[in-house]
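Colleague: Sequence isn't available, so here's the structure alone:
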C-alpha cells in the first residue's frame, strides 16, 4: 500500500503509528508507535512524537519540538520552534513513573510560541496564544494571551492572532477578519 504522506529519508517512522494524508515529516524527526498525526500536518526537523500522542488535522510543529505521551493537540494548532511538553510532574532517573503520565490538551487553533514549556496536566484553551519562552504552570483559557515565567495572562487574542481591544460594552473586533468577540464574566466568546 502506498503511503499518502511525505517522510524525509532521514526521518524515522515506526510501525504502528497513523499519519494522515498530505502530512509532511522532515529531517531527523522520529514518529513513534501508537501516535496519530492528522491530515495535512507539517512536522519540522528534529521533532519527537512519542507513543499515544495525538495531533489533529493541519497541525504545524516547528523544529526541535518534543511531544511526549499524554499530549493531544486539536486541529490547526501551531507549535513554535523548540517548545516542549512534559508528562511527569516529579521525574527521577531511578524511579519509573510511566504509569503516572499526566495529560495535556491543546485546543483548536492555539499557538504555542518558540521555547515555551508546557508543564503537564495544564490544558490550553482553543485559540489561546502562548508567548515565546513562556512557562505554562496552570490552565490557559480559550482566546487568552499569556506570557512570562510563570505564565501570566495579559490580554486576549482573536482567531486570526490579533490582540483584542474591548470597548466599554465588552465588545472587540478583530482588525483582520472583522469578527466580533464579547467578554462575559472573565471569558471571551466569538459572537
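Modeller: Ah, there it is. Not measured: the values here are computed from a predicted model.
Colleague: tell me the domain ranges of the protein?
Modeller: Domain ranges of the chain: 1-91+101-157, 162-191, per automatic domain parsing.
Colleague: now the ones you listed in TSV, with mean pLDDT and mean neighbour count?
Modeller: (Each C-beta comes from the backbone N, C-alpha and C, glycine too.) Formatted as TSV, those follow (pLDDT from 0 to 100; neighbours: other CB atoms under 10 Å):
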stretch	mean pLDDT	mean neighbour count
domain 1-91+101-157	97	19
domain 162-191	98	13
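Colleague: Can you name the residues that contact residue 163?
Modeller: Going by CB atoms under 8 Å, 6 or more residues apart in numbering, residue 163 touches 145, 155-157.
Colleague: Likewise for residue 179?
Modeller: Contacts of residue 179 by CB under 8 Å, 6+ apart are 158-160, 173, 190-191.
Colleague: The chain: helices as residue ranges?
Modeller: In the chain, no segments count as helices under DSSP state H.
Colleague: farthest residue from the center of it?
Modeller: Farthest-out residue of the chain from its mean C-alpha position, per CA atoms, centre = their mean: residue 168, at 32.6 Å.
Colleague: Residue 190 versus that one, what's the distance?
Modeller: Relative to residue 190, residue 168 is positioned 20 Å away (CB to CB, to the nearest Å).
Colleague: Kindly report the same for residue 151.
Modeller: Residue 151 is 23 Å from residue 190, where distance means CB to CB.
Colleague: on that earlier part again, as TSV, the contacts of residue 179 with distance to residue 9 would be great.
Modeller: Output for the contacts of residue 179, formatted as TSV (distance: CB to CB, whole Å):
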residue	distance to residue 9
158	40
159	37
160	36
173	48
190	43
191	49
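Colleague: tell me the two of the residues you listed that are most distant?
Modeller: Farthest apart among the contacts of residue 179 by CB to CB are 160 and 191. That separation is 14.8 Å.
Colleague: Return the residues in contact with residue 190.
Modeller: 159, 179-181.
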